[in-house]
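# Sharing a model that was predicted from the sequence below.
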Protein chains: 2
Amino acid sequence: MGLPVRKSKVAAPPACPLTESLALLRGAWAPNVIWYLSAEPRRFGELRHDIPRISARVLSARLRELESRGLVTRCVLDTSPPSAEYALTDLGRELLPAIHALTSVGQKLIAEWGTTATTPTIRRTRVAAR
Amino acid sequence: MGLPVRKSKVAAPPACPLTESLALLRGAWAPNVIWYLSAEPRRFGELRHDIPRISARVLSARLRELESRGLVTRCVLDTSPPSAEYALTDLGRELLPAIHALTSVGQKLIAEWGTTATTPTIRRTRVAAR
DNA sequence: AAATGCGGTATCCCCGTGGTTACCGGAATC
DNA sequence: GATTCCGGTAACCACGGGGATACCGCATTT
């Protein structure tokens, strides 16, 4: 009839490792946040500054999620006004090789063809509100 | 007043390399498709078999997108019934180090805590249609 | 003649996501 | 007293992606 179905040469996943690790990075700007925490702990406002197009709402949500997934720790500093410092956990640092691999692909892309994507998320900016 | 804003120790992106490479992997199951094409070319039905929970609609859409992004080639075989074979391009293969890095994180996760995520996409299965 | 395999496409519709805007409290500065 | 900085939260809402289902043409098999 047709061609025979060939057996895959890569492992069949009872639980898919790729899916598992991608779940850790789910949500807009999550990989970017990890990237900016990779070198040193950063405060909320610093991250906002690092990632200019992120909104406070989304940054806050993302940090809470990353914290609940065990990738990031949150530490409130006793200053005034109070500030909060975020850092990668050991688990968070385990993602750095993947992030670096992605970054180096992106660098080659930009070097060869210039930038094409502008926003990490699917959503486009709406025209206005109200 | 508050603490001074510390300069980031990682590069400020005029164009963000991380964002660029993630744009290549956008869409449900895209990384999984790349994974299953990593060892050898695969046909449409084989990929459906490899990724049991993907629908034909989404697999088709994803393959067209990956093709238009230059990660995958499509080759129609002259058989009956006709079949199509998909393969990674050189650009597609450049993503493999990142995919492998993610996979190895996922393997550690599963080995240590068992599986938590079940679906690669945000969407949950709805109860029924019609 | 009917069923099966292959490689899709068309339609419908839900709902998760993230952008936008407004607002909070306390301390320090102007 | 007013404004600024900090680190958020609350409410509203448009959008688009993907799941489900039905269907297609062709050729071979039963």
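Arrived safely.

# rest of the way, CA atoms for contacts and neighbours
OK.

# Using the three-state scheme, assign residue A:87.
Secondary structure, DSSP: H, G, I helix; E, B strand; the rest coil: residue A:87 is strand.

# partners of it in the sheet?
Residue A:87 has these beta-bridge partners by DSSP bridges: residue A:73.

# show me the contacts for it.
Residue A:87 makes contacts with A:37, A:40, A:41, A:42, A:72, A:73, A:74, as judged by Cα atoms under 8 Å, 6 or more residues apart in numbering or on different chains.

# Mind putting those into a markdown table with pLDDT and neighbour count?
Below are these laid out as a markdown table (pLDDT from 0 to 100; neighbours: other Cα atoms under 10 Å in any protein chain shown):
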| residue | pLDDT | neighbour count |
| --- | --- | --- |
| A:37 | 97 | 22 |
| A:40 | 95 | 13 |
| A:41 | 96 | 19 |
| A:42 | 96 | 24 |
| A:72 | 97 | 24 |
| A:73 | 96 | 17 |
| A:74 | 95 | 18 |
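
# So of the residues you listed, which two are at opposite extremes in space?
Pairwise distances across the contacts of residue A:87 (Cα to Cα) peak at 13.2 Å, for the pair A:40 and A:74.

# circling back to that earlier point, which one among the contacts of residue A:87 gets closest to DNA strand D?
When those are compared for distance to DNA strand D (Cα to the nearest atom of the strand), residue A:74 wins out at 7.5 Å.

# Residue A:55 - how many residues pack around it?
Neighbourhood size, residue A:55 [other Cα atoms under 10 Å in any protein chain shown]: 11.

# does DNA strand D sit close to stretch A:86-97?
No - figure legend: stretch A:86-97 not in contact with DNA strand D (Cα under 7 Å from any atom of the strand); closest approach 7.9 Å.

# Work out for me the element the most centrally placed residue in chain A sits within.
The centroid of chain A falls nearest to residue A:31 when counting by Cα atoms, centre = their mean (1.5 Å). Assigned by DSSP states H and E, residue A:31 belongs to helix A:30-37.

# do whatever helix or strand residue A:100 lives in and chain B meet?
Assigned by DSSP H and E, residue A:100 falls within helix A:96-113. Yes - contact between helix A:96-113 and chain B, assessed by Cα under 8 Å from any Cα of the partner chain, occurs at A:97-107, A:109-110.

# And those residues, which is closest to residue B:56?
Residue B:56 lies nearest to residue A:102 out of those, by Cα to Cα, at 28.0 Å.

# check contacts around the closest one.
Counted by Cα under 8 Å, 6+ apart, residue A:102 has contacts B:17, B:18, B:21, B:22, B:95, B:98.

# Just the buried ones out of those residues, please.
Among the contacts of residue A:102, those scoring as buried are B:17, B:18, B:21, B:22, B:95, B:98 (criterion: 16 or more other Cα atoms under 10 Å in any protein chain shown).
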